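Student: just coords:
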């Protein structure tokens, strides 16, 4: 017997205007907070069949199925509503989850649900999409075994959140957000920005942070934090199936009470064969233990790099004000927008602005060309950054009240959802002045 119990239909009650129900509110909400986006866990490898009555509902569910959080699930969308579902499952086994849309009410609705229950296999979950935001209807559906009730029109993020709630343990600790940093080209300072932002999150927001350095032969995280670990992330990637909490603690280097380092070996006497599945497995285990994982990606383009980048909760592209950076930043930005339609757009950091005697593309022209304002503009300051790198220190340690430190803190707050993201950050942000040397 499925979760959908076969009971006598209730006597139809008059529609009662009421506050949005838990499921309905989640499905209709067009904007999901950064915090919700960050902790929403990916749905496991399940099969989902949706039977819709309206094209708009089918489109919303289809777009939800293209999201990275449903990447492992197998989703198919059909038209015809509950009658089509009943007809199909008279001759076929039911999937893990059935989503059905209906415009019926009262006894007709519950008669249809009863007929659906008769053809459902044990363990199949049912989500109903209806037209009425009615508390009494919602309670009766839940009483009869419906797992969730959503009110049309649907929004993809509401669908994802509803499915996630059904298959993720609500008592389990939330998966930490992952923030991926990548340079538009070599030498933009992406790793330096990544390490300093991770530091700012740990010191300014009291969040535990793990910085993972995926540039195995040339990573600089160990140098930037004045650490020389004998083991690190390469050992985990070699045998990801062996990684657990105990081994992870052994491999991590503790820099402060709240900041740990998953360092790269930075040696050339080993060949490193990277693959997306191993990276995903390791990062999934890492993010189970801390609220924030900073992923420092090398400037290489390979299947594993793309997979890690697209699966991150937030993306930061660091560029310099030149033509090559502009072209590459735009390409990465366009690719991530297309592949992640329900996520925040990638953040652009323009670094090393105002280098003497170097022809530069103005920040305004750069923003117009890539199609978005820069979240942060940092001036060329070789003395500050060079001293920090040579001393194994962070910018905040050397210059806690400087404009560069303020900018890095601002970016950290943006990435963690602590700062409201404006539509045009560079113009509305107090950090647009950072494009001028001060």
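Tutor: That came in fine, so what should we check first? The model shown is predicted, which means the values in this text are computed figures rather than measured ones.
Student: the strand or helix carrying residue 138 packs against which elements?
Tutor: Secondary structure assignment for residue 138, by DSSP states H and E: helix 135-143. Using 3 or more CB pairs under 8 Å, 6 or more residues apart in numbering; DSSP states H and E, the elements in contact with helix 135-143 are strand 148-151. Using the backbone N, CA and C atoms, a C-beta is placed for each residue, glycine as well.
Student: next secondary structure after the strand it packs on?
Tutor: Scanning the chain past strand 148-151 towards its C-terminal end, the next helix or strand to appear is helix 156-167 (assignment: DSSP H and E).
Student: buried ones in that following helix?
Tutor: Neighbour counts over helix 156-167 (16 or more other CB atoms under 10 Å) mark 156, 157, 158, 159, 160, 161, 162, 163, 164, 165, 166 as buried.
Student: ok, now stretch 314-327?
Tutor: Neighbour-count burial for stretch 314-327 flags 314, 315, 316, 317, 318, 319, 320, 321, 322, 325, 326 (criterion: 16+ other CB under 10 Å).
Student: all the helices of the stretch 151-300 of the chain, residue numbers only.
Tutor: Defined through DSSP state H, counting those that start in this stretch, the helices belonging to the stretch 151-300 of the chain, from first to last, are 156-167, 190-204, 221-224, 233-238, 245-251, 276-289.
Student: pLDDT of the last one, averaged?
Tutor: Mean pLDDT, taken over the full extent of helix 276-289, equals 85.
Student: the fifth one too?
Tutor: Rounded to a whole number, the mean pLDDT of helix 245-251 is 80.
Student: what packs against it?
Tutor: For helix 245-251, the packing partners by 3+ CB pairs under 8 Å, 6+ apart come out as helix 233-238, helix 276-289.
Student: now the ones you listed as TSV including mean neighbour count and distance to residue 388?
Tutor: As requested, the helices and strands packed on helix 245-251 are exported to TSV (neighbours: other CB atoms under 10 Å; distance: least, CB to CB, whole Å):
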stretch	mean neighbour count	distance to residue 388
helix 233-238	20	23
helix 276-289	19	25
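Student: looking at these, which is closest to residue 83?
Tutor: Using CB to CB as the criterion, the shortest distance between residue 83 and these is 39.9 Å, found for helix 276-289.
Student: quick one: contacts of that closest one?
Tutor: For helix 276-289, contacts defined as CB atoms under 8 Å, 6 or more residues apart in numbering pick out 173, 175-178, 208, 210, 212, 214, 233, 236-237, 240-241, 243-245, 248, 262, 293, 295, 303-304, 306-308, 311.
Student: next, the buried residues of the strand or helix carrying residue 62.
Tutor: Element membership of residue 62 [criterion: DSSP H and E] is helix 55-65. Residues 57, 58, 60, 61, 62, 63, 64, 65 are the ones in helix 55-65 that count as buried (16+ other CB under 10 Å).
Student: cool, and stretch 97-115?
Tutor: 97, 98, 99, 100, 101, 102, 104, 109, 110, 112, 113, 114.
Student: as JSON lines, the residues you listed with secondary structure would be great.
Tutor: Formatted as JSON lines, the buried residues of stretch 97-115 follow (DSSP: H, G, I helix; E, B strand; the rest coil):
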{"residue": "97", "secondary structure": "strand"}
{"residue": "98", "secondary structure": "strand"}
{"residue": "99", "secondary structure": "strand"}
{"residue": "100", "secondary structure": "strand"}
{"residue": "101", "secondary structure": "strand"}
{"residue": "102", "secondary structure": "coil"}
{"residue": "104", "secondary structure": "coil"}
{"residue": "109", "secondary structure": "helix"}
{"residue": "110", "secondary structure": "helix"}
{"residue": "112", "secondary structure": "helix"}
{"residue": "113", "secondary structure": "helix"}
{"residue": "114", "secondary structure": "helix"}
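Student: distance to residue 337 and pLDDT added to those, as CSV?
Tutor: Putting these into CSV (distance: CB to CB, whole Å; pLDDT from 0 to 100) gives the following:
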residue, distance to residue 337, pLDDT
97, 29, 93
98, 32, 95
99, 27, 96
100, 32, 95
101, 29, 95
102, 34, 93
104, 39, 88
109, 40, 90
110, 43, 89
112, 40, 92
113, 40, 91
114, 45, 90
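Student: between those residues, which is nearest residue 189?
Tutor: Nearest to residue 189, judged by CB to CB, of these is residue 97 at 45.1 Å.
Student: residues contacting that closest one?
Tutor: Applying CB under 8 Å, 6+ apart, one finds that residue 97 lies in contact with 46, 47, 48, 49, 124, 125, 126, 127, 163, 166.
Student: beta partners of it?
Tutor: With DSSP bridges applied, residue 97 shows beta-bridge pairing to residue 48, residue 125.
Student: residue ranges with poor pLDDT in this structure?
Tutor: Low-confidence segments of the chain (pLDDT under 70): 1-40, 170-175, 418-438.
Student: residue ranges for the strands of it, please.
Tutor: When assigned using DSSP state E, the strands of the chain occupy the ranges 47-52, 74-79, 97-101, 125-130, 148-151, 177-183, 209-213, 253-254, 259-262, 292-296, 314-319, 347-353, 376-379.
Student: by contact count, what packs against the shortest one?
Tutor: Translated: strand 253-254. Judged by 3+ CB pairs under 8 Å, 6+ apart, the packing partners of strand 253-254 are strand 259-262.
Student: next: the first one.
Tutor: Taking 3+ CB pairs under 8 Å, 6+ apart as the contact definition, the neighbouring helices and strands of strand 47-52 are helix 55-65, strand 74-79, helix 81-89, strand 97-101.
Student: tell me which of these lies nearest to residue 389.
Tutor: helix 55-65 (43.7 Å).
Student: what sits up against the closest one?
Tutor: Around helix 55-65, the neighbours that count as contacts under CB under 8 Å, 6+ apart are 48, 50, 52, 70, 73, 75, 77, 79, 99, 101, 129, 152-157, 159-160, 163, 341-342.
Student: how many neighbouring residues does the residue lying closest to residue 206 once chain neighbours are set aside have?
Tutor: The spatial neighbour of residue 206 that comes closest, neighbours along the chain excluded (CB to CB, 6 or more residues apart in numbering), is residue 258 at 6.9 Å. The number of residues packed near residue 258 is 18, by other CB atoms under 10 Å.
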